[in-house]
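**Q** fold the following.
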Amino acid sequence: MQATSTAQTTPGRRRPRNRKAQIALAAAELFCERGYHGVGIDEIAAVVGISGPAVYRHFPNKYAILLHASRELIDTLVTAADEALAVPEEPAEQMARLLAATARVSVQRRRVGALYQWQARYLEPAHQGEVRAGLTALVRRISDLLLELRPDLPPPSAVLLSRAALSAIGSISTHRAAIADSRAEQILRSAAWTLLTTDLPAAVRHATAGGSEPAGGGSASMRPGSRREALLTEAVRLFDRLGYHAVSIDDIGRAAGINASGVYRYFPGKADLLAAVYYRAAERLSTSTTSALATASSPADALRRLIDAYVDLTFAHNDLVSVYLAENNNLPTPDRHELRRLQREHVEEWVRLLVTIRPELAASEARLLAHAALNLVMDLGRTTSFNRSDGSEQLVRFLALRMLVP
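**A** Alright, predicted model coming up:
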């Protein structure tokens with residue numbers, strides 16, 4: 001009893017008042033690094049420096065940690081925006097303050113920002129709606145202020161540009177490219193400002209952000225012409241909709257009309273099936289990139305063609321690209337290293353062209369912008385439900401290029 005009492009009163013052993021926040025932050029970083037299903041309570045506890053059972057003093061289960069971390073991220077962004085707007089200034093100054101505040105949060109929370117993009121799908125529908133509502137509120141704050149700056153702008157266009165600006169700012173959580181925090185904030189808020197102040201061409205002005213989720217299911221990723229292709233097609237669809245860990249070999253086989261035992265004739269396991277999906281996506285990306293570069297007449301033309309090719313691929317095969325971006329932590333280690341190398345090579349093509357066109361940019365700055373453009377394509381594609389018939393695809397092309405080359 002004497003030892004226990006001493007341990008509880010020794011300053012170095014006292015439980016921190018922010019222990020719950022520490023647990024949530026450590027968990028969020030692990031979720032974003034390895035995926036929600038790839039992280040256990042004991043691993044979270046080890047990062048914080050406590051025992052597994054001690055976590056349960058603050059959270060009843062792992063799901064509660066994911067929900068708390070997701071809420072905290074959105075609340076932090078909305079609070080930062082509200083504090084920026086609380087300062088009585090002209091709309092232009094308020095917008096500059098708001099973009100600076102959200103960019104600062106995004107950079108500071110870089111390791112947990114992917115929660116809203118990929119890990120939030122593991123939340124229950126009501127909680128997913130809560131996260132979407134928080135993001136919608138943030139978009140509304142930006143778009144309302146934008147309409148004060150640009151009163152002639154149609155409200156749907158203001159919403160669209162606000163979503164584009166937030167996508168650019170949030171893109172830093174999608175990669176680990178090295179750059180100083182202060183410079184990252186400057187580059188991101190400048191990119192966001194460029195998007196907010198751009199004039200939309202008449203040809204794409206009617207394509208607006210409706211705020212709904214993508215219409216789902218549709219992708220011409222792979223046309224089943226064999227049992228193997230059928231398995232890949234259904235795996236992509238299920239991985240995209242439910243996440244890798246929520247899908248079993250039985251689920252994939254059933255969707256493809258093949259017994260589970262028959263699946264193993266083509267793939268030794270689920271991870272191998274995921275790797276096959278990744279190599280298919282990497283092959284399509286490489287082919288489209290090579291074709292774009294081979295027909296270009298100048299660096300500027302090459303960059304435009306590279307953007308066009310990526311937008312084409314994303315809109316035509318959106319579920320395949322979503323899986324390609326979201327599930328690489330679940331690949332077998334050799335495949336993960338190889339495919340990450342291929343992803344880096346693709347980004348470096350964008351960087352090479354961008355620094356040629358804009359020599360004032362350092363490679364690290366061009367890399368940050370390249371990732372922002374790639375993220376914008378996916379985010380706005382989801383917002384417009386990857387609709388190719390209403391001008392959405394053309395609009396996304398325009399905004400990606402406009403952000404890279406103002």
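**Q** tell me how many other residues crowd residue 196.
**A** Neighbouring residues of residue 196 were enumerated by other CB atoms under 10 Å; the total is 22. To be clear about C-beta, it is placed using only N, CA and C from the backbone, and glycine gets the same treatment.
**Q** what sits against it?
**A** Neighbouring residues of residue 196 by CB atoms under 8 Å, 6 or more residues apart in numbering: 95, 142, 146, 149, 161, 162, 165.
**Q** which of those residues are buried?
**A** Among the contacts of residue 196, those that count as buried by neighbour count (16 or more other CB atoms under 10 Å) are 95, 142, 146, 161, 162, 165.
**Q** what strand or helix carries the most centrally placed residue in the chain?
**A** Within the chain, one residue has its C-alpha closest to the average C-alpha position: by CA atoms, centre = their mean, that is residue 117, at 4.4 Å. In this structure, residue 117 is located outside every helix and strand according to DSSP states H and E.
**Q** cool, residue 340 as well?
**A** helix 333-357.
**Q** what mean pLDDT does that helix have?
**A** Per-residue pLDDT values over helix 333-357 give a mean of 92.
**Q** which other helices and strands contact that helix?
**A** The criterion is 3 or more CB pairs under 8 Å, 6 or more residues apart in numbering; DSSP states H and E, and the helices and strands that helix 333-357 contacts are helix 270-294, helix 299-316, helix 363-383.
**Q** the residue nearest to the centre of the chain against residue 172, yeah?
**A** No: using CB atoms under 8 Å, residue 117 is not in contact with residue 172; the gap is 11.8 Å.
**Q** if we can go back for a sec, by mean pLDDT, show me the worst of the helices and strands packed on helix 333-357.
**A** Averaging pLDDT over each of the helices and strands packed on helix 333-357 puts helix 270-294 lowest, since it has a mean of 90.
**Q** what are the contacting residues of it?
**A** Under the criterion CB under 8 Å, 6+ apart, external residues in contact with helix 270-294 comprise 221-222, 231-232, 235-236, 239, 244, 247-249, 252, 263, 267, 302, 305-306, 308-310, 312-313, 317, 320-321, 323-324, 327-328, 330-332, 335, 339, 342-343, 346, 349.
**Q** and if you look at stretch 29-45?
**A** Residues outside stretch 29-45 that contact it (CB under 8 Å, 6+ apart): 23, 26-27, 47, 51-52, 54-56, 62, 65-66, 69, 111-115, 118-119, 122, 173, 243-246, 327, 329-330.
**Q** kindly check the end-to-end length of that stretch for me.
**A** Across its full length, stretch 29-45 reaches 13 Å between end residues, using CA to CA, to the nearest Å.
**Q** burial check on residue 287, number of neighbours?
**A** Going by other CB under 10 Å, the residues that sit close to residue 287 add up to 12.
**Q** ok, it to residue 340 distance?
**A** As defined by CB to CB, to the nearest Å, residue 287 lies at a distance of 19 Å from residue 340.
**Q** swap in residue 46?
**A** Per CB to CB, residue 46 is found 25 Å from residue 340.
**Q** got a list of what residue 172 touches?
**A** For residue 172, the residues meeting the contact criterion (CB under 8 Å, 6+ apart) are 106, 107, 110, 113, 184, 188, 368, 371, 372.
**Q** nearest to residue 132, of the residues you listed?
**A** For the contacts of residue 172, the residue nearest residue 132 by CB to CB is residue 113; the value is 15.8 Å.
**Q** isn't that closest one right up against residue 70?
**A** No: between residue 113 and residue 70 no contact is recorded; they are 11.2 Å apart, counting by CB under 8 Å.
**Q** compare the two and say which one has the larger neighbour count.
**A** Remark: of residue 113 and residue 70, residue 70 carries more neighbours, 25 against 22, as counted by other CB under 10 Å.
**Q** would you indicate which residues of the helix or strand encompassing that one are buried?
**A** Assigning secondary structure by DSSP H and E places residue 70 in helix 62-85. Applying a neighbour-count criterion of 16+ other CB under 10 Å, one finds 62, 65-74, 77-78, 80-81, 84-85 buried in helix 62-85.
**Q** cool, and stretch 345-360?
**A** Using 16+ other CB under 10 Å as the test for burial, stretch 345-360 gives 346, 347, 349, 350, 351, 352, 353, 354, 355, 357, 358.
**Q** just curious, which of these is nearest to residue 202?
**A** For the buried residues of stretch 345-360, the nearest to residue 202 is residue 357 (25.9 Å; CB to CB).
**Q** and the closest one, how far from residue 188?
**A** Relative to residue 188, residue 357 is positioned 19 Å away (criterion: CB to CB).
**Q** helices along the stretch 151-300 of the chain, start to end?
**A** Under the criterion DSSP state H, counting those that start in this stretch, helices of the stretch 151-300 of the chain are mapped to 155-170, 181-197, 227-242, 249-256, 260-263, 270-294, 299-316.
**Q** let me know which of those is tucked in deepest.
**A** Per-residue neighbour counts averaged over each of the helices of the stretch 151-300 of the chain give the maximum for helix 155-170, namely a mean of 25 (mean count of other CB atoms under 10 Å).
**Q** name the helices or strands packed onto that helix?
**A** Packing partners of helix 155-170 (3+ CB pairs under 8 Å, 6+ apart): helix 91-108, helix 125-149, helix 181-197, helix 363-383, helix 392-404.
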